[in-house]
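J.: need coordinates for the following:
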Amino acid sequence: MSEMTESAEHRSPSLLRPRQPGMHGKVTNIELFFDLVFVYAVTQLSHTLLRDLSVLGAVHVLLLFLSVWWVWIFTGWITNWLDPDRFAVRVLVLALMFAGLLLSVALPEAFDGHGLMFASAYASMQVGRSLFMVWALRASTPAARLNFYRITLWFAVAGVLWVMGGLATDAARLAWWTIALAIEYMGPAAYFYVPGLGRSNTREWDVEGGHLAERCSLFVMIALGESVVVMGSSFAEGTRTADLWFAFLMAFVGCVAMWWIYFDLGVERGSRSIIQSTDPGRTARLGYTYLHLLIVAGIVACAVGDELSLAHPLATAQTAQIAVLLGGPALYLLGNGLFKMTVNHTNFPLSHLVGVGLLAALAWPAHALPVVALATATTLLLVGVALWETISLRNLRRELYAAQAQE
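T.: Down below sits the predicted model:
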């Protein structure tokens, strides 16, 4: 990225973000405006899963979630490089926003009547955004341009499969889209290797670490916002019985615990780690591109669990409900643990490991428990993990506060 900027500065006005040593790239208003579409997308995903808690329904929502995350995170990478205050970049972001809105509208019926609409919107976002980068880097170094030639080719191949899946039906659509998504997810891991063009390396993906860390933390906040909306609307529609009040309280405490586990120290330590990294592209690829999807997926599943516990708190938990109520927190703790281990170069946090283990142990008595009891148990586990980490890292917290005071 530094090579891109240096070359562009000497040839033509650059569309790339200006960088100043020691300065944090800001998240712009148009990036936040773009994210509004994905507030809607997260809502669509949680409601789609809630309507069909079967195995096939969960597989469908998983594939749709992975695609939504992938199109958002790659846009986050692009706006990390591009300057959103430039007119051409704003036009790009707004065009992507419109396509993202179409994609979000199509989500509930993506495996039914809106398959082609979803696939066309998705493929156009992935390929169109990459083509824009090829154009934006026309005055940059050959290495920078080659990087996006490779990325564009990977997305173009996958895009054909997305559209073919949109034209197919039922099981064939799932197969086409699974292959397309697998190709896209393998891209960064394979360094976007293309015969004849070679492969990229992570140093060519020189991201502004503070900006990307903030973008991902904002998406986590979007997902947590869905939990707040779900618990508020469900409580408002229910009868104010004692069990509903208790379920509502547990849902809120669980949401607070999830916020605490990620935002108390995790997000700040991650941001500092990627800023100080000698290869921020590598950290961004694993810690933010891949591992954050587990964190967000866990929050979405927890939002569905909140809906279930508020709708029928005293009903005996069924298999599908148990999978959501235990799987959501487990995914969240697993994602946070792997993220913290990766960016901080430490072992997997013991508090998170114990939390995942206890959630697994809860699967045995879960069928004998009412939904609200199971939800309460998972909430207490999340609170326990948050308290454990807060106490164990109290010295580190003081060091971070001292460092912030000196900056």
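J.: so for the helix or strand hosting residue 67, what gets flagged as buried?
T.: Residue 67 belongs to helix 55-81 when assigned by DSSP states H and E. Residues of helix 55-81 classed as buried under the neighbour-count rule (16 or more other CB atoms under 10 Å) are 57-58, 60-61, 63-81. C-betas here are computed from N, CA, C, even on glycine.
J.: ok, then the element right after it?
T.: Next along from helix 55-81, by DSSP H and E: helix 87-106.
J.: buried set for that following helix?
T.: 89-90, 92-93, 96-97, 99-106.
J.: would TSV of those with distance to residue 289 and pLDDT be doable?
T.: Putting the buried residues of helix 87-106 into TSV (distance: CB to CB, whole Å; pLDDT from 0 to 100) gives the following:
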residue	distance to residue 289	pLDDT
89	21	96
90	24	96
92	20	97
93	19	97
96	18	97
97	21	97
99	21	97
100	18	97
101	23	97
102	24	97
103	19	97
104	21	97
105	26	97
106	24	97
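J.: out of those residues, the closest to residue 303 would be?
T.: Checking the buried residues of helix 87-106 against residue 303 by CB to CB gives residue 104 as the nearest, at 16.1 Å.
J.: find the residue closest to the residue nearest the centre of the chain in space, skipping its chain neighbours.
T.: Central residue check for the chain by CA atoms, centre = their mean: the C-alpha nearest the mean position is that of residue 293, 4.1 Å away. Closest residue in space to residue 293, ignoring its immediate chain neighbours: residue 69 at 4.7 Å, by CB to CB, 6 or more residues apart in numbering.
J.: check whether the one you found really touches residue 295, as I assumed.
T.: No - using CB atoms under 8 Å, residue 69 is not in contact with residue 295; the gap is 10.2 Å.
J.: residue ranges with poor pLDDT in the stretch 1-150 of the chain?
T.: Where the stretch 1-150 of the chain drops to pLDDT under 70, the residues are 1-13, 21-24.
J.: if we go to 80?
T.: The stretch 1-150 of the chain contains residues with pLDDT under 80 at 1-13, 19-25.
J.: with the stretch 151-300 of the chain instead?
T.: Scanning the stretch 151-300 of the chain for pLDDT under 80 picks out the ranges 170, 203-204, 206, 238.
J.: tell me which stretches of it form helices.
T.: Per DSSP state H, counting those that start in this stretch, the stretch 151-300 of the chain carries helices over the ranges 170-189, 209-237, 242-263, 266-276, 280-283, 292-311.
J.: among those helices, which is the most enclosed?
T.: With neighbours defined as mean count of other CB atoms under 10 Å, these peak in mean count at helix 292-311, which reaches a mean of 26.
J.: only C-alpha atoms, please: export that helix in CSV.
T.: Provided in CSV are the C-alpha atoms of helix 292-311 (Å, rounded to 0.1, in the frame of the first residue of the first chain):
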residue,chain,number,x,y,z
HIS,A,292,-14.4,-12.0,13.2
LEU,A,293,-17.0,-13.9,11.3
LEU,A,294,-17.2,-16.4,14.2
ILE,A,295,-17.8,-13.5,16.6
VAL,A,296,-20.5,-12.0,14.5
ALA,A,297,-22.1,-15.4,13.8
GLY,A,298,-22.3,-16.1,17.5
ILE,A,299,-24.0,-12.8,18.2
VAL,A,300,-26.6,-13.4,15.4
ALA,A,301,-27.3,-16.9,16.9
CYS,A,302,-27.6,-15.4,20.4
ALA,A,303,-30.2,-12.9,19.1
VAL,A,304,-32.2,-15.8,17.8
GLY,A,305,-31.8,-17.5,21.2
ASP,A,306,-33.1,-14.3,22.9
GLU,A,307,-36.2,-14.4,20.7
LEU,A,308,-36.8,-18.0,21.6
SER,A,309,-36.5,-17.5,25.3
LEU,A,310,-38.7,-14.4,25.2
ALA,A,311,-41.4,-16.0,23.0
